[in-house]
Each structure stands twice: as C-alpha cells, then as structure tokens.
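Enquirer: Please work out how this folds:
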Amino acid sequence: MCGFACILRVTEPPREGWGSQTPPTPDEAVPEDWLDELEPSVAWRGPDGSGRFRDRTVRPDGTVVDLAMVHYRLAIVDLDGGAQPMVSDAPSDRVSQRLEADHPLRGAGRVAVAFNGHVCNHRAVREELERGGHEFVSDHSDTEAFVHGWRAWGTDLPKHLEGMYASAVWDGALGELALLRDRFGEKPLYVSGEPEHRVWLAGSNASGLRRLVGELGGPTGISPENLTEWLSLGYHAEQMPFPGVVQIPPGSLVVAPAVTAIDHQKLYRKGLAGKLPGDWSRSRPRLEGKRGAMRKVDQALRDAVERRLEADVPVGCFLSGGIDSSLVAYHAAGLLAERGRRLTTLCVRMPDPKYDESARAEETARALGTDHRTIETDPMPAEDLVLLIRTLGLPLGDSSLLPTFWACQAAAREVGVALSGDGGDELFLGYERYRGATWLSSARLLGALEFLFPQRDPKSRWTKAGRLIEASKGRGYRDLLSIFPLAQLRPLLGLTPLAKPGLESDKPESYARVREYDLRHHLPGDLLLKVDTASMLAGLEVRSPFLDSDVARTALGLSVSRVRMHNKPKGVLRALVRRHLGSDLAGRAKSGFAVPIGRWFREDYGGLGTLLHDHLRSSDPFPGVPLDIQPKRLLRLLDEHELKQREHGQRLYALLVLSIWAHAEAV
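Expert: Numbers count the residues shown, from 1 in each chain. A predicted model of the protein is given here:
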C-alpha cells in the first residue's frame with residue numbers, strides 16, 4: 001500500500017538534429033522542483049519509506065524521453081525487500097517484439113515499478129516466471145512480480161494478476177510508461193498531460209497533478225459540467241471537478257507517450273487500451289440448483305479469503321455482525337485455525353447507539369471463536385472532516401467517510417491489514433434500491449401523489465416511497481443514487497424546469513443493469529475511494545475478498561433468482577450464513593455503515609453544526625466554484641432541516657464538503 005507520482009517528458013530534437021546543440025540534462029528536463037511539488041500529495045499514503053528514481057532513453061531519431069518517479073510506502077509484504085521504486089537492470093523481454101535485431105536500443109534499458117496495492121497471487125506468478133528463467137532478488141515481494149511480469153508479458157501482465165493495484169511501469173528500452181489499474185478500481189490512479197511541454201503526469205492523487213499541470217501552463221479552474229455531476233451524485237468516477245486530470249477507468253492500461261497527447265474525453269469514454277479480458281457484465285447467467293450455487297459461492301469466497309491472508313504484519317477482519325463481514329470472518333477464522341492461529345476480529349463502537357453494531361459483532365465473534373476486540377473511538381468529527389477532504393484534494397459527498405476513517409484509525413492500532421466485506425452488496429444484490437429500481441415504471445404512475453410522501457426521516461418507508469416517485473420522474477436509477485436528484489438540483493442551481501444540467505438521462509430498471517451501473521461507477525467512484533482514503537490516512541491496508549475475480553465471475557454467472565434466493569437481498573449469502581452460523585444471523589436486516597449526519601448537524605455533534613453554519617451561511621460559501629448556487633435555496637435547505645420540516649442531512653453534508661474543498665483550493 002503506497003502512494004506514487006510519475007513525470008514523463010519527451011524532448012524532440014530540432015528539425016536538423018541536435019548538431020552542435022545538446023539535449024537538456026535530466027534535471028533540466030524534469031526539475032527536482034516538479035517532484036517536490038507532487039511529493040506532498042502522496043507522502044501521507046506511505047509512512048514507512050520513500051524513494052525517487054530517474055531514467056532517460058534516447059531514441060534513434062534523437063528524441064529524449066525522461067522519467068522521474070517518487071514513491072512513499074506503507075510496508076505490508078516483504079518489509080525488508082520491497083522498497084520502491086523497484087528497478088531491474090535487465091531489459092523487457094518484449095523489446096524483441098517491437099524492435100528489429102539491429103536496433104540501437106536492443107538489449108538496453110531498465111524496468112522500474114512504482115506500485116500501490118497488493119498482488120494476492122504473487123507467489124504463483126513468481127513460480128511461473130522462475131520456470132521461464134527469471135531470477136528474483138527479493139524474498140517474497142509482490143512488487144517484484146510486477147517487474148518481472150512486465151518483462152515477460154508486457155501489456156498482457158494484467159491477465160496474470162489477482163488483487164488490487166494501481167501501478168506505473170517504466171520500460172526504459174522502449175521509453176514508455178505503462179499505467180495499470182485493477183479490474184474494480186480498488187486503488188486510485190490519475191493521469192494528466194500538458195501537450196505543449198510534452199509532459200505526462202500520473203499518480204495516486206489528483207490534486208497534486210492538477211497543481212503541477214497548472215504551473216506548467218495547462219488548464220486551470222473548475223469545470224462547471226463536471227462539478228454539476230458531482231453535486232448530484234457526490235463523487236466522480238473518472239472525470240474530475242477540474243479540467244486536465246482524469247482517473248484511469250478500472251481494468252484499463254494506458255501507455256504514454258504512445259499517444260502524442262492525452263485526449264481526456266477519449267480516455268474517459270473508452271480507455272486507451274480497450275477492455276481487459278473478463279468483461280463480466282456480458283456474462284450469461286447459468287442455470288444452477290440452490291445447493292450448487294451455494295457450493296460455488298462458498299468455495300470461491302473461501303479461496304479469495306485465503307489469497308488475502310498473507311502479510312508480514314498482523315492481519316485482522318472487520319466484523320459488523322452483518323452478512324458479508326461474517327462470511328469473510330468465518331472463512332478467515334477457519335483457514336487460520338488450520339495453521340494453528342486465531343483470527344483477530346475488530347468492531348468499532350460507534351458514538352451513536354442507534355448506529356452501533358458492536359453487540360451484534362460480539363455475538364458473531366463468540367460463534368466463530370475469534371479473538372475479538374471492540375474498540376472505542378475518540379472522534380473529532382469537524383476536524384476529521386476538514387482533514388480528510390483537504391488530504392484527498394477532492395470533494396467526496398459520502399458521509400460514511402467519517403465512520404470509515406474512525407474504524408480504520410482504531411483498527412490500525414491492532415493490525416496492519418484488515419479484511420472487509422466491500423463489494424458484497426453490489427455483486428449479490430444487497431441494496432434495497434435494486435428492488436426499488438425495478439418498480440420505477442410503476443412509481444411513475446403515482447407522480448401526482450408525491451406530496452403524500454414527506455421526506456422527513458431518511459429511513460422511513462414514506463421517504464423511500466417519495467424518493468422512488470421522484471426518481472421515476474427524473475433520471476431513474478441515477479436519481480435513486482443521487483444526493484441531489486434532478487428535481488432538487490434544478491432549483492438549487494437556478495435552472496429552468498426543462499434545463500438539463502449536463503447529465504445524461506439513465507434509467508436502468510433491471511437487476512442486471514443497476515448492478516452493472518454500480519460496479520462501473522458507484523463502487524469505484526464512491527465506496528472504494530472512501531475506503532482507500534480513510535485506510536491510507538490511518539496507515540491501514542484494507543483487502544476485499546468479495547472483489548476477487550473468481551467471486552465476481554461466480555456471482556455474475558448466477559441468475560438473479562439464485563443470487564436473491566428466497567427473494568431476499570443477498571439470498572445465497574444468507575443461506576450460507578444460515579448453514580455456517582445459524583438462522584438468527586442470517587435473518588438480520590441490513591444496517592449499513594452510516595451515521596445520523598442530519599441529527600449530528602442539529603445537535604452540533606463534535607462541532608459539525610457549527611462547521612456547517614460557518615461555511616454555508618458565510619458571505620462566500622463556495623469561492624471559485626462556477627455554479628450558480630442560489631443563496632435563498634441554500635438557506636431554505638438549512639432552515640427546513642433545522643426545523644425538522646424535511647431531512648436534508650446528506651445534501652447539507654455534500655454542500656459542506658464542497659465548501660471545505662473550495663476554500664482549500666482557493667488558498
């Protein structure tokens with residue numbers, strides 16, 4: 001688990017060649033000041049070590065390609081031998097595929113890797129490569145699997161990898177930088193370019209790239225179209241709120257400078273290298289009996305947990321008492337027991353009793369026989385929120401970022417790695433909104449009766465029915481996900497009823513379509529970014545067995561009736577819990593990792609109410625934001641919420657985050 005940033009610069013010779021001229025020195029091509037500018041944006045991701053690397057390739061036509069990397073490490077696997085950037089002096093095997101035998105660069109060049117994440121099958125990859133003649137230097141570094149894997153397979157490397165990763169691979173023989181991101185987007189990876197200077201930037205943090213691009217004369221400011229979409233959803237999947245920086249889509253590989261300039265729209269829509277094998281959204285469900293479905297899911301999850309237990313630091317498991325985390329803990333406890341070890345399970349006691357699952361977690365831990373820790377937190381909500389948004393450098397409108405950070409902080413005092421249940425709801429159809437999406441067409445008929453469903457309590461049936469009707473008249477499923485559905489976004493931004501705020505209408509109404517939407521957008525854009533930010537800032541690695549490739553293929557290969565066995569959300573998982581842990585746990589309703597943010601604002605819990613009003617009632621709540629946020633509408637949201645006329649907690653949280661981010665950007 002790490003943070004890194006890379007700078008690639010191409011210097012072309014004059015038309016007549018260098019002649020008496022000389023190319024710039026490496027320090028002139030990529031000044032140390034540029035690395036110094038990027039370093040703070042990734043340093044928080046790695047407290048255990050840091051390093052820099054430079055290299056230069058001169059092509060036959062005289063073109064000079066310079067590369068500089070900076071890396072910060074959170075040491076988890078091979079503590080002594082996994083320092084980065086990791087460099088191999090042997091050239092890439094694939095050079096022979098690209099260059100003629102008499103090419104001047106043949107046999108020259110180094111391979112260097114800056115890597116963030118965990119390759120779960122790195123030992124199997126190592127064994128395969130060693131049989132092919134590769135000699136490893138480290139004892140068991142998963143980063144070195146990237147180095148030799150690239151030498152052997154080049155752009156086919158992702159086909160051989162299992163795990164979570166964002167990686168930059170420098171191939172010095174070819175003068176190219178390859179950027180790879182895992183299939184689900186568990187780890188962030190941003191890219192930018194400044195074509196006039198022939199500079200490409202990549203790394204783990206978007207805001208650092210943006211600042212340097214701006215200093216080099218690239219685009220600055222904030223994109224109103226992108227920010228409008230963010231305000232609606234509370235996150236960005238690929239496009240950022242500012243121009244010139246995009247996030248590489250999950251499952252993509254981008255090579256620079258194979259393209260002369262980065263086409264941000266093209267990258268956003270398609271990715272430069274197309275889709276990697278395994279486009280699971282096109283899988284055809286197989287007919288499975290109930291027992292067969294349960295057996296396949298159970299085995300796939302057990303194998304996924306086993307692949308994620310390796311570490312040179314203590315490994316534990318988050319345990320909420322819910323379906324997903326209980327199954328992960330069940331398999332982890334059994335696998336460790338076979339090795340004579342006992343699993344540590346962790347549950348954080350939340351400050352609000354209504355949202356605290358520690359009692360349920362303790363009951364599950366007793367059934368599993370784990371070494372369970374109920375950890376008390378000492379949260380500072382207002383201070384923590386400002387810290388998180390300023391560190392991330394992006395607005396993120398998901399209020400569960402706060403409890404996720406507190407849980408990671410507490411867990412990091414006990415373990416270095418924590419297994420989680422992330423991805424279970426998406427793959428196994430666990431959200432209530434999935435069923436609601438199938439009712440959108442029917443709900444549209446009730447549009448005239450929307451006033452009968454007041455939205456005062458976010459968990460009440462009246463509120464859910466009202467949101468369903470509202471979504472049926474707007475953008476369908478996207479409005480079910482939205483913090484600001486279209487009907488509420490328009491008056492906030494002063495748009496006319498017929499205006500479209502730069503958002504494409506999208507109304508998927510089947511389980512398959514809404515799941516695909518979440519896997520491609522909501523999961524990487526919101527949930528995984530939230531977990532990555534909270535865990536890295538706390539110094540903890542979080543691994544998600546449900547996002548294993550085999551688990552995903554198994555889930556997406558089942559029919560909806562098997563996934564929702566007995567017509568229950570995550571029915572097949574419930575059946576497994578019933579088999580392994582008893583019927584009481586299997587019948588529990590989903591609680592969710594949420595906080596009563598609306599009530600916290602009213603009660604000024606931890607200073608959140610004061611922070612909210614200081615920002616949103618100020619004379620300039622959103623400095624530099626190119627959106628026409630209506631002051632009267634903003635004050636109306638605050639007043640309606642304070643008077644309990646309507647629940648606006650999540651909307652006010654999103655606006656507060658936008659204000660915090662805008663003030664940080666304005667500094």
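Enquirer: use CA for all of it now, contacts and neighbours both
Expert: Fine.
Enquirer: how about low-confidence regions in the chain?
Expert: Per-residue confidence for the chain (pLDDT under 70) gives these ranges: 90-108, 195-196, 258-287, 439-474, 496-509, 585-593, 667.
Enquirer: can you rerun that using 50?
Expert: 95-107, 259-282, 443-449, 451-453, 498-508 (pLDDT under 50).
Enquirer: Break it into its domains for me.
Expert: With domains defined by automatic domain parsing, the chain comprises 2-269, 283-429+513-586, 439-508, 596-667.
Enquirer: Now those domains in a markdown table, please, with extra columns for mean neighbour count.
Expert: As requested, the domains of the chain are exported to a markdown table (neighbours: other C-alpha atoms under 10 Å):
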| stretch | mean neighbour count |
| --- | --- |
| domain 2-269 | 20 |
| domain 283-429+513-586 | 20 |
| domain 439-508 | 17 |
| domain 596-667 | 18 |
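Enquirer: Helices along the stretch 201-350 of the chain, start to end?
Expert: 206-215, 224-233, 264-269, 290-307, 323-338 (DSSP state H, counting those that start in this stretch).
Enquirer: In CSV, list those helices along with distance to S559.
Expert: Output for these, formatted as CSV (distance: least, C-alpha to C-alpha, whole Å):
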stretch, distance to S559
helix 206-215, 39
helix 224-233, 29
helix 264-269, 29
helix 290-307, 10
helix 323-338, 20
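Enquirer: Out of those, flag the one nearest K570.
Expert: helix 323-338 (8.4 Å; C-alpha to C-alpha).
Enquirer: Tell me what angle the closest one forms with helix 290-307.
Expert: 60 degrees (axes from the mean of the first three to the mean of the last three C-alpha atoms, to 10 degrees).
Enquirer: Using CSV, write down the CA coordinates of stretch 296-304.
Expert: Output of stretch 296-304 as CSV, limited to C-alpha atoms (Å, rounded to 0.1, in the frame of the first residue of the first chain):
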residue,chain,number,x,y,z
LYS,A,296,-19.7,-22.4,-5.8
VAL,A,297,-20.1,-19.1,-4.0
ASP,A,298,-18.8,-20.6,-0.7
GLN,A,299,-15.7,-22.1,-2.4
ALA,A,300,-14.9,-19.0,-4.4
LEU,A,301,-15.1,-16.8,-1.3
ARG,A,302,-13.0,-19.2,0.8
ASP,A,303,-10.3,-19.2,-1.9
ALA,A,304,-10.5,-15.4,-2.1
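Enquirer: who's in contact with that stretch?
Expert: By C-alpha atoms under 8 Å, 6 or more residues apart in numbering, the residues outside stretch 296-304 that reach it are V328, H331, A332, P545, F546, D548, D550, V551, T554, A555, L576.
Enquirer: Spatially nearest residue to the second one (excluding sequence neighbours)?
Expert: In space, and not counting its chain neighbours, H331 is closest to R302: 5.6 Å by C-alpha to C-alpha, 6 or more residues apart in numbering.
Enquirer: repeat for H71
Expert: Nearest non-adjacent residue to H71, counting by C-alpha to C-alpha, 6+ apart: F4, 4.3 Å away.
Enquirer: And for D550?
Expert: D550 sits nearest to A300 (C-alpha to C-alpha, 6+ apart), 5.9 Å away.
Enquirer: For A329, which non-adjacent residue is closest in space?
Expert: Per C-alpha to C-alpha, 6+ apart, closest to A329 is C317, 6.2 Å.
Enquirer: Go ahead and confirm that neighbour touches G416.
Expert: No: the criterion here is C-alpha atoms under 8 Å, and C317 misses it with G416 at 10.6 Å.
Enquirer: From S559, how far off is V113?
Expert: 40 Å (C-alpha to C-alpha, to the nearest Å).
Enquirer: Oops, could you answer that again for P381 instead?
Expert: 42 Å.
Enquirer: Then F4?
Expert: Counting by C-alpha to C-alpha, the gap from F4 to S559 is 41 Å.
Enquirer: All good on my end, thank you.
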